[in-house]
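J.: here is my input, please return the structure:
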Amino acid sequence: APRRARRDDMGNTLRSRNAGLGEAVRSIRDGDSYVFAGWAHLADDQATKLAKALQGNTTLVNLDLFQNNISARGIKPLLDVLSSNITLQNLCLSSNKLGDNGAAYVADFIRNNKFVKELSIANNQITDDGAILLADALKANSSLEKFDISGNKLSQIAYDALVEALAVNTSIEDIRGVEDDRAQQILDDEGDLEPFPHLIP
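T.: Next up, the predicted model:
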């Protein structure tokens, strides 16, 4: 008889820490709510295959793609599929190679997805140009509670845009990677927020 898969307390199949594409796809097909494919050396072609496996998925809650080699080309089809996913709540894309082009796709995802609560794009070679697109998208988002953009190549230009976005966004409770005291001030405040005077057009 075939060996039964080991499962955790939530019913998810227990897989190795550095599960590759094959194990990630099996997790998806098994209906697991948590799919881990970190440290798996996934590149753009593998990300596209993962996207195909996720089409029509209704069980995924957490997707962790930490420390792979996914660039803008690979993240686009993946985010296209995830944009319509209504169960996904936590998405980790940290330590990939998204760059500003990838950040543009993430911005579209943030603008259109209404269910993801936690998103990490830390350490992705994003510069001010990409951060400004992300900040603009955050203004239109009402579901994100935690957002991590740390470890990228940002300057005060990006921080200003992100602080302005926080003054508009009402759902974010924790943001990482914005080295500006005003960001924490906004998050600490309760009640209605007024834009900072120097950010008013």
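
J.: now Leu138: how far from Leu119?
T.: 10 Å (CB to CB, to the nearest Å). Any C-beta I mention is one placed from the backbone N, CA and C, and that applies to glycine too.

J.: touching both of those two, which residues are there?
T.: Residues touching both Leu138 and Leu119 (CB atoms under 8 Å, 6 or more residues apart in numbering) are 110, 144, 147.

J.: nearest to Glu179, of those residues?
T.: Phe147 (14.4 Å; CB to CB).

J.: the nearest residue to that closest one once chain neighbours are set aside: what secondary structure?
T.: Nearest non-adjacent residue to Phe147, counting by CB to CB, 6 or more residues apart in numbering: Ile175, 4.9 Å away. Applying DSSP: H, G, I helix; E, B strand; the rest coil to Ile175 yields a three-state assignment of strand.

J.: rewinding a little: among the shared contacts of Leu138 and Leu119, which one has the most neighbours?
T.: If you count neighbours using other CB atoms under 10 Å, the busiest of those is Phe147, which has 29 neighbours.

J.: give me the beta-bridge partners of that one?
T.: Beta bridges link Phe147 to Leu119, Ile175, judged by DSSP bridges.

J.: which residues does it contact?
T.: Applying CB under 8 Å, 6+ apart, the residues near Phe147 are 118-120, 138, 172, 174-176.

J.: buried subset of the residues you listed?
T.: 118-120, 138, 172, 175 (16 or more other CB atoms under 10 Å).

J.: quick check: the residue nearest to Phe147 touching Asn169?
T.: No: with contact defined as CB atoms under 8 Å, Ile175 does not count as touching Asn169 (9.3 Å).

J.: separation between Ile75 and Ile110?
T.: Counting by CB to CB - Ile75 and Ile110 are separated by 13 Å.

J.: and the pLDDT at the residue sitting nearest the centre point of the chain?
T.: Nearest to the geometric centre of the chain sits Leu119, at 3.2 Å (CA atoms, centre = their mean). We have a pLDDT of 98 for Leu119.

J.: what sits against it?
T.: Contacts of Leu119 (CB under 8 Å, 6+ apart): 90-93, 106, 110, 144, 146-148.

J.: over to Val81?
T.: If you count contacts by CB under 8 Å, 6+ apart, then Val81 has 51-52, 54-55 around it.
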